[in-house]
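# Quick one: sequence and predicted model below, then my questions.
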Amino acid sequence: MVALTPVPDILVTGDGQQVGITMRGPDGSTRLVSLRDSRSSYTRDNLMELAGVGAEPVPLAAWPDARCSEAFCTLTVARGGRSWVLLLGRDRSRVEERALAAACAEADIVVAERFLPRSCRPRWLKADRRFLERSGGIAIDLAAGRITTVAAGQGEHGWWQVPEERAGPRGPAPSDPAPAAQIGEAPAATAAQ
């Protein structure tokens, strides 16, 4: 059963501080490329297990195809017969809004631990603090255009609560396993941001 379980292309922790991307290494092996060089063995080990890799993660800034600044990294990933442009927040350094909006417009997926302005409009998914507070951690299968969230798996259990100050009227939640998150469509929560 484990062998039949698809490995996600991108894993994002619930706080947005860590992102793991499965990539093919130069030797053809599957490697986990991580946004941050995690000091937490717990976080690192969980990402490695979920990605189905045994080798130590490679920091994104050291990956040959990544371009990183102090605030963000950009990486293009080929999956499902197309290229996906990822824009990943590294820290909370101040970024001029117009420059950020332009970078977001060039990206398919933006992930950041911070709140991003409404002017940040990627082509497919904006997983910022606002989104992740409601969804929890997410796993993304790019070829299928599917987003799986922790919130969808936890339902209404007592240990999973949307922060009250951010909870809005009950409606389609970003935690739904994303029937709206098909390729080319924005998840419901992203479109409203």
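On my side now, so go ahead. Since this is a predicted model, take the numbers as computed values, not measurements.

# CA only for contacts and neighbour counts going forward, please
Fine.

# what separates the residue positioned nearest the centre of the chain from residue 27, distance-wise?
The centroid of the chain falls nearest to residue 12 when counting by C-alpha atoms, centre = their mean (4.4 Å). Distance, residue 12 to residue 27, using C-alpha to C-alpha, to the nearest Å: 26 Å.

# got it, and residue 64?
14 Å.

# where do the contact lists of these two overlap?
Jointly contacting residue 64 and residue 27 under the rule C-alpha atoms under 8 Å, 6 or more residues apart in numbering is no residue at all.

# lowest-confidence helix or strand of this structure?
Using mean pLDDT, DSSP states H and E, the weakest-scoring helix or strand in the chain turns out to be helix 188-191, at a mean of 38.

# Next one, pLDDT for the nearest residue to the residue nearest to the centre of the chain once chain neighbours are set aside please.
Spatial nearest neighbour of residue 12, chain neighbours left out: residue 19 (4.6 Å); criterion: C-alpha to C-alpha, 6 or more residues apart in numbering. Reported pLDDT at residue 19 in the predicted model: 94.

# And for residue 2?
Reading off the model, residue 2 has pLDDT 46.

# same question, residue 78
The model reports residue 78 with a pLDDT of 94.

# And it, how close does it get to residue 52?
For residue 78, the distance to residue 52 - C-alpha to C-alpha - is 19 Å.

# out of the two, which sits in the more crowded spot?
Using other C-alpha atoms under 10 Å, the more surrounded residue of residue 78 and residue 52 is residue 52, with 19 against 12.

# Dihedrals phi and psi, that one?
phi 70, psi 30 (degrees, to the nearest 10).

# Helices of the protein, start to end?
41-51, 97-106, 129-135, 150-154, 188-191 (DSSP state H).

# And the first one, what does it pack against?
Think helix 41-51. strand 19-24 (3 or more C-alpha pairs under 8 Å, 6 or more residues apart in numbering; DSSP states H and E).

# Sort out which residues of the strand it packs on are buried, please.
19-23 (16 or more other C-alpha atoms under 10 Å).

# Those residues: which two are farthest apart?
Farthest pair in these (C-alpha to C-alpha) is 19 and 23. Separation: 12.7 Å.

# follow-up on the earlier one: residue 71: which of the helices of the chain is closest?
Once these are compared by C-alpha to C-alpha, helix 97-106 is nearest, at 10.2 Å.

# quick one: buried residues of the closest one?
In helix 97-106, counting by 16+ other C-alpha under 10 Å, buried: 100-101, 103-105.
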